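Undergrad: Take this sequence and fold it.
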Amino acid sequence: MTQNRMNLKGLLSLMAAALICTFCCSKRQNADTSAASGKYGGWQTFSHQNVRIVYPPGHPLEADIPEMAARYVVSIERNCRFFEMPVPVETLVVMYYSGFGQGPELTGRQYPFAFGDTIHFWLPSFLGPTLMQYLLPKWQNIEPKYPFLKHGLIALLDYSGQNYHSMTQRYLNEGNLIHLAALAADTAVSSDTERYQSAEAASFVDFVATYFGIKGLEILYRARAPFESAVQGIFMMPVDSLEKLWLGFVNDVAPKDTATTGSDSRSGSESAGGG
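TA: Numbering: from 1, shown residues only. All right, here's what the predicted structure looks like:
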């Protein structure tokens, strides 16, 4: 009997704790929702399939929003084919600010970004980087040990039209190539602020996905060993041999005039550049 009373007491304590947690979480959610509705009060919505674009009244590009929503749908499907993953069933919400003044003012962030299933987007920017920020955690729910892989994937599918194999070939020809071992250790690579390290990184991840398959890229993305050890263990070759293989691939697929732009001049699996 005493044991039963103790079990009942413990059960009641757990139930009370659960009720308190539910009440607190509910209040927090309501407060957040209230704050959001205040900040974005009066904003309008356009929905297309599983994409919802939320924008302020009088947005200067309001007439283009239906086309923008359709581009998101097509781009999500295309990127998911690259990753060989299902298209997310959740609704993607795009907060479409009127420009680089309103975006940073309301978000406190310098560059467009994705958080969960919401993209905060403003011009000037390409559609692809924030879309990749949204999709990458759905492909692999970890941060890679080697940041250049993440930033390379964001650049690879940025839909800017730039050919990152061509840029890599040009860096090599000019003697400015960042070698693979150094690129893997580079903590300054940033798909928001530069297209030097991240351009090479885009070329490299496209090479890996083309040559070893998306599974090979996934294994490298999830690796936790030192880069040299990971490369040797996954690809059965040292880093310098993998680099030679990559640069040979670049030489094969890059346009011979090493132009840095093109409407869709990409090569490889989905190829290094957005278009």
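Undergrad: where exactly do the helices run in the stretch 151-275 of the chain?
TA: 164-173, 180-185, 197-222, 227-235, 239-253 (DSSP state H, counting those that start in this stretch).
Undergrad: out of the ones you listed, nearest to Q133?
TA: When those are compared by C-beta to C-beta, helix 197-222 sits nearest Q133, at 13.4 Å. In short, each C-beta sits where N, CA and C put it, glycine included.
Undergrad: Run the chain-centre distance for the closest one.
TA: Relative to its chain's centre, helix 197-222 lies at 14 Å (C-alpha atoms, centre = their mean, to the nearest Å).
Undergrad: tell me the mean pLDDT over it?
TA: Mean per-residue pLDDT for helix 197-222: 98.
Undergrad: Would you mark the buried spots in it?
TA: Judged by neighbour count using 16 or more other C-beta atoms under 10 Å, the buried positions of helix 197-222 are 197-212, 214, 217-221.
Undergrad: next one: stretch 165-173
TA: 165-172.
Undergrad: and which of the residues you listed is nearest to F121?
TA: For these, the nearest to F121 is M167 (25.0 Å; C-beta to C-beta).
Undergrad: right, and the closest one touches S198 too?
TA: No: judged on C-beta atoms under 8 Å, M167 makes no contact with S198 at a distance of 10.0 Å.
Undergrad: Let me see the contact set for the closest residue to F148 other than its chain neighbours.
TA: Nearest non-adjacent residue to F148, counting by C-beta to C-beta, 6 or more residues apart in numbering: A201, 4.1 Å away. For A201, the contacting residues are 148-149, 151-152, 155, 183, 189, by C-beta atoms under 8 Å, 6 or more residues apart in numbering.
Undergrad: among those residues, which two are most distant?
TA: A155 and L183 (12.6 Å).
Undergrad: Between those two, point out the one with more neighbours.
TA: Between A155 and L183, counted using other C-beta atoms under 10 Å, the more crowded position is A155 (32 against 22).
Undergrad: and that one, what does it touch?
TA: Neighbours of A155 in contact, by C-beta under 8 Å, 6+ apart: 129, 164, 191, 195, 198-199, 201-202, 272.
Undergrad: again, only using 7 Å
TA: 164, 191, 195, 198-199, 201-202 (C-beta atoms under 7 Å, 6 or more residues apart in numbering).
Undergrad: For the buried residues of stretch 165-173, could you give me CSV that also reports pLDDT and distance to F82?
TA: Formatted as CSV, the buried residues of stretch 165-173 follow (pLDDT from 0 to 100; distance: C-beta to C-beta, whole Å):
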residue, pLDDT, distance to F82
H165, 97, 16
S166, 97, 20
M167, 97, 20
T168, 97, 19
Q169, 97, 22
R170, 96, 25
Y171, 97, 24
L172, 97, 25
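Undergrad: re the thing from before, select from the contacts of A201 every entry located in strands.
TA: Counting by DSSP state E, no part of the contacts of A201 is found in strands.
Undergrad: Which one (most neighbours) among those residues?
TA: For those, neighbours tallied by other C-beta under 10 Å; top is A155, 32 neighbours.
Undergrad: does I53 have beta-bridge partners, and which?
TA: Counting by DSSP bridges, I53 forms beta bridges with F46, V94.
Undergrad: right, and it touches Q44 too?
TA: No: the criterion here is C-beta atoms under 7 Å, and I53 misses it with Q44 at 9.0 Å.
Undergrad: Comparing the two, which shows the higher neighbour count?
TA: I53 (22 against 14).
Undergrad: check contacts around that one.
TA: I53 neighbours (C-beta under 7 Å, 6+ apart): 46, 65, 68-69, 94, 96.
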